[in-house]
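S.K.: could you work out the structure for the sequence below:
(2 chains)
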Amino acid sequence: MNGRAGAFKSRSALWVGIIASGAALASILVTALYDNISTRKAEAREISFKVVDLDEKSLDPTLWAKNFPRQFDGFQRTVELTFTKYGGAGPDQKPISKLEEDPNLVTIFSGYAFSIDYNRRRGHAYMLTDQRITGRVTKAKQTGSCLHCHASNAVAFREVGVKRGAPGTLDESLTSAHGQAQLLEGLEGVSKMPFEEAAKLVDHPVGCLDCHDPKNMALRVTKPAFIRGIAALASGDGAVPHLPSIESWRKGDRSRPYDPNRDASRQEMRSMACGQCHVEYYCGPKATLFFPWNKGLKVEQIEAYYDEYKFPDGHRFFDWKHPKTGAEVLKAQHPEFETWSQSLHARSGVSCADCHMPYVREGAIKVSDHHVRSPLLNISRSCQTCHRFPEEQLKATVLTIQDRHHTLMLRAEDALVQLITAVEKARKSGADEAALAKVFEFQRKAQWRVDFINAENSMGFHAPQEAARVLAESIDYSLQGYVSLSALQQSASRPQPSTDKPGTLGRSTPGPPSPGSSSSLGKTVSLLQAPGG
Amino acid sequence: MRLLIVLASVSVGTLVGMGGFTFASAKGASYLSDDPAVCVNCHIMRDHYDGWRQGSHHAHATCNDCHLPHDNDVHKFFVKASNGYRHSKAFTLQNFAEPIRIVPSNSKVLEDNCLRCHAEMTDAITAHGTLGVAVTPAGKVDLYGCVRCHVDVGHGPRR
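M.R.: Residues are numbered from 1 along each chain as shown, chains lettered A, B, ... in the order given. Now for the predicted structure:
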């Protein structure tokens, strides 16, 4: 009996022990779960941590990093050498040279700084360094205008503005009337400085202050040429269905100029912040830096504005005179904002940041990814949020679009180079500039269009059909230039030149050629097609 | 032995107490309700919830109206429990792919609910067997269900 009772006792002791230790273990797990839940709850409550006070003079991003460590982490990662088939500087520290990749550009930009040094771009972190070392700056003279976008410039511009007599101090908000006056006055001052002098005023590539209000972190624009340019766009009548705040400003009494910091929606600001720099502009020595948006954002609207624009000396706008032909031509910068504006994405309300700075989640905290880069490197967050297709399929779609534009662009460049070569030959055999005026117009138009797509960072993707249209027009203008030139040569070689033919061919709008010129047109077509491949 | 029993009782008591507290703190009971606000307890569905508030179905259907079966209560609570288990596991371990996607079985539930309310209109369409198929024969989420086109009725415009 004693033995059985003892066994029973020890068996129940075992059970009690098992229950006790099981309950203890389960309690540990429950505590861990509770801890996890509390962390997630805390994350959802705390989205910013105010450690330091920020103001209008807080230029150094590491200061902002104390309050916004997550955003800063991404921001810092722009030093990484990311690249895709058509974008980014490539895998090596030394960026791929666009001139070596595409020798046509040496002919197209002949006589201009871009024929000296023209590389594929590196990340945001390199914008100031790369600007200081490019051959375009070291081997050619540039103005301080470069720093409008190659540096975090708000404080420097405002200081220059105050020195030049703008009212107020830097303690006032940048968006106040005084702050705006200081910025615009600073733009005038810095644009007149040589690059080397202006470069001493700045230390940082793009920083937090360029897009954010230090008081409340709200998005804002700080680059004076954008503030002027977007106001000019609003005052004009170029269609902007993708920017509803401009449309509603136009319907108002227009007593104050359009001000993005007051009028634009947050979603619009998520594109305008980028449009402060990723745009077409003039930054040469003959006028203060400006964005050519008065007539609209499309390639021909910008061209029309340039064609009407007169420099202070009364001469029509041009970037440089092409030494091989003598034509006064245009250089496109990087019109990403303008090209995006023509896209279906823009019409659907998709901003730059939606694809280039998509939302990421860390625990229960949602932040926009400040590692600005190609959406192709982050398809799941950039594309799949809306397009519910497999990654490979989305990537293939983008690459197909880019490959098509690349092929079309190379053909457009070939056509332009052939025109340039033919005009150069004509010049050598004695044709003077006055006689070639019409041909020059075609070169200017063709060159402007092919460069508009080449300089734009997306290889057509930002607005596929629009980009193809622009390239097709470029090819057509090169062709018209070629036809116009050979008509001139034919009429010059004939004893009694007929006067109607060059006039018909010299029209600036595409149209069917007159019956008399069909044979020369046929010849030109085959000439232009041969090397395109 | 007495000491052991005391220890076991304390352990079990602690577990019940802590478990109850954790359950309450995680709003465990709320998961038995049909309130859409419950679905944003864990913050992942915030965008979907905000979208739904802007969507055309806001006035007519809650999360559970579309995302849980309505043929019988056993089926309903089975789907609710299995989703709840999957969601809480994923959110606790933070080991899921984003953007989050509906799984095939839930896609079927969703599709059935579209047809449940809109039968008068959809019967003529589904009679031909060309629409109203939410999953492929291989069991993957297909893109030919109702929400392939009517994508913003539930969660509103995506931008």
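S.K.: roughly how far does the closest residue to chain B within the stretch 101-250 of chain A sit from residue B:40?
M.R.: Nearest residue of the stretch 101-250 of chain A to chain B, counting by Cβ to the nearest Cβ: residue A:242, 11.7 Å away. (Each C-beta comes from the backbone N, C-alpha and C, glycine too.) To residue B:40, residue A:242 is 31 Å away according to Cβ to Cβ, to the nearest Å.
S.K.: so if I had to pick from these two, which one is more boxed in?
M.R.: Per other Cβ atoms under 10 Å in any protein chain shown, whichever of residue A:242 and residue B:40 has more neighbours is residue A:242, with 22 against 17.
S.K.: confirm that the more buried one sits in a helix.
M.R.: No: using DSSP: H, G, I helix; E, B strand; the rest coil, the assignment for residue A:242 is coil, not a helix.
S.K.: nearest residue to it in space, please, no chain neighbours.
M.R.: Excluding the flanking residues, the one nearest residue A:242 by Cβ to Cβ, 6 or more residues apart in numbering or on different chains is residue A:346, at 3.9 Å.
S.K.: hang on, the earlier thing: which ones are touching the residue of the stretch 101-250 of chain A closest to chain B?
M.R.: A:341, A:346, A:347, A:349 (Cβ atoms under 8 Å, 6 or more residues apart in numbering or on different chains).
S.K.: how far away is it from residue B:51?
M.R.: Between residue A:242 and residue B:51 the computed distance is 21 Å (Cβ to Cβ).
S.K.: next: residue A:393.
M.R.: 24 Å.
S.K.: neighbour count winner among these two?
M.R.: More crowded of residue A:393 and residue B:51, by other Cβ under 10 Å: residue B:51, with 18 against 10.
S.K.: is the helix or strand containing that one anywhere near chain A?
M.R.: Applying DSSP states H and E as the criterion places residue B:51 in helix B:46-54. Yes: using Cβ under 8 Å from any Cβ of the partner chain, we find that helix B:46-54 touches chain A at residue B:46.
S.K.: and that helix, what's buried?
M.R.: Residues B:47, B:48, B:49, B:51, B:52 are the ones in helix B:46-54 that count as buried (16 or more other Cβ atoms under 10 Å in any protein chain shown).
S.K.: any idea which helix or strand comes after the stretch of helix or strand residue A:268 belongs to?
M.R.: In this assignment (DSSP H and E), residue A:268 forms part of helix A:266-275. Later in the chain than helix A:266-275, the nearest helix or strand by DSSP H and E is helix A:299-308.
S.K.: quick check: what element follows that following helix along the chain?
M.R.: strand A:320-321.
S.K.: pairing partners for the helix or strand just after that next one, with directions?
M.R.: Per DSSP H and E, the first helix or strand lying C-terminal to strand A:320-321 is strand A:328-329. With DSSP bridges as the test, strand A:328-329 is paired with strand A:320-321 (antiparallel).
S.K.: pretty sure residue A:124 contacts residue A:77?
M.R.: No: assessed by Cβ atoms under 8 Å, residue A:124 is found out of contact with residue A:77, at 9.8 Å.
S.K.: what residues of the helix holding residue A:268 count as buried?
M.R.: Neighbour counts using 16+ other Cβ under 10 Å place A:267, A:268, A:269, A:270, A:271, A:272, A:273, A:274, A:275 of helix A:266-275 among the buried residues.
S.K.: what about residue B:56, distance to chain A?
M.R.: Applying Cβ to the nearest Cβ, to the nearest Å, the value for residue B:56 to chain A is 18 Å.
S.K.: run through the residues that contact the nearest residue to that residue once chain neighbours are set aside.
M.R.: With sequence-adjacent residues excluded and distances taken as Cβ to Cβ, 6+ apart, residue B:56 is closest to residue B:153, at 5.2 Å. By Cβ under 8 Å, 6+ apart, the contact set of residue B:153 is B:55, B:56, B:57, B:147.
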